[in-house]
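1. coordinates only, no sequence provided:
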C-alpha cells in the first residue's frame with residue numbers, strides 16, 4: 001500500500017484531502033505543519049510527501065528539501081494556491097510535481113495514481 005505523508009496547515013483542507021486519498025486506497029498520515037512532519041520523515045517510511053508550500057514554522061519547500069536529503073526515494077508533490085511560489089518550488093525541488101489550488105479531488109487522486117502506476121479502489125478509472 002502506498003503511504004502518504006500529508007502536511008497541510010488548513011485543517012478543513014487537510015481532513016478533506018486525507019479522506020479522499022484514504023477512500024482511494026492510500027494510507028495517509030496527516031499533520032498541520034512542516035515541523036510536525038519532520039519526525040515522521042526521520043522515523044518512518046513514506047512513498048509520497050504531499051505538502052502545501054505556504055505554511056507557518058517550516059514551509060513546504062524546506063520540508064521537501066529535508067525529505068529529499070533524508071529519504072531520497074520519497075516522491076514529492078506540492079499543493080499551492082500561490083502561483084509565484086510554484087516557480088520557487090520548481091527550482092528548489094525540480095523532481096517534484098506541483099498541483100495548483102483550486103483542484104478537484106479527482107485530479108489529486110489521478111496525479112498520485114500516475115506517480116505510482118496504481119489504480120484507485122474507487123473503480124472510476
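-> Noted; the coordinates are in hand. None of these values were measured; they are calculated from a predicted model. Residues are numbered from 1 along each chain as shown.
2. how many neighbouring residues does the residue lying closest to residue 107 once chain neighbours are set aside have?
-> Ranked by CB to CB, 6 or more residues apart in numbering and with sequence neighbours excluded, the top spatial neighbour of residue 107 is residue 99, at 7.0 Å. To be clear about C-beta, it is placed using only N, CA and C from the backbone, and glycine gets the same treatment. Number of residues near residue 99 (other CB atoms under 10 Å) recorded here: 15.
3. residue contacts, residue 99?
-> Counting by CB atoms under 8 Å, 6 or more residues apart in numbering, residue 99 makes contact with 77-80, 107-108, 111.
4. looking at those residues, which is nearest residue 19?
-> Nearest to residue 19, judged by CB to CB, of the contacts of residue 99 is residue 108 at 11.6 Å.
5. element containing that closest one?
-> helix 105-116 (DSSP states H and E).
6. what about the residue nearest to residue 107, which SS state?
-> strand (DSSP: H, G, I helix; E, B strand; the rest coil).
7. helices and strands around the helix holding residue 108, which ones?
-> helix 11-23, strand 48-52, strand 75-80, strand 97-100 (3 or more CB pairs under 8 Å, 6 or more residues apart in numbering; DSSP states H and E).
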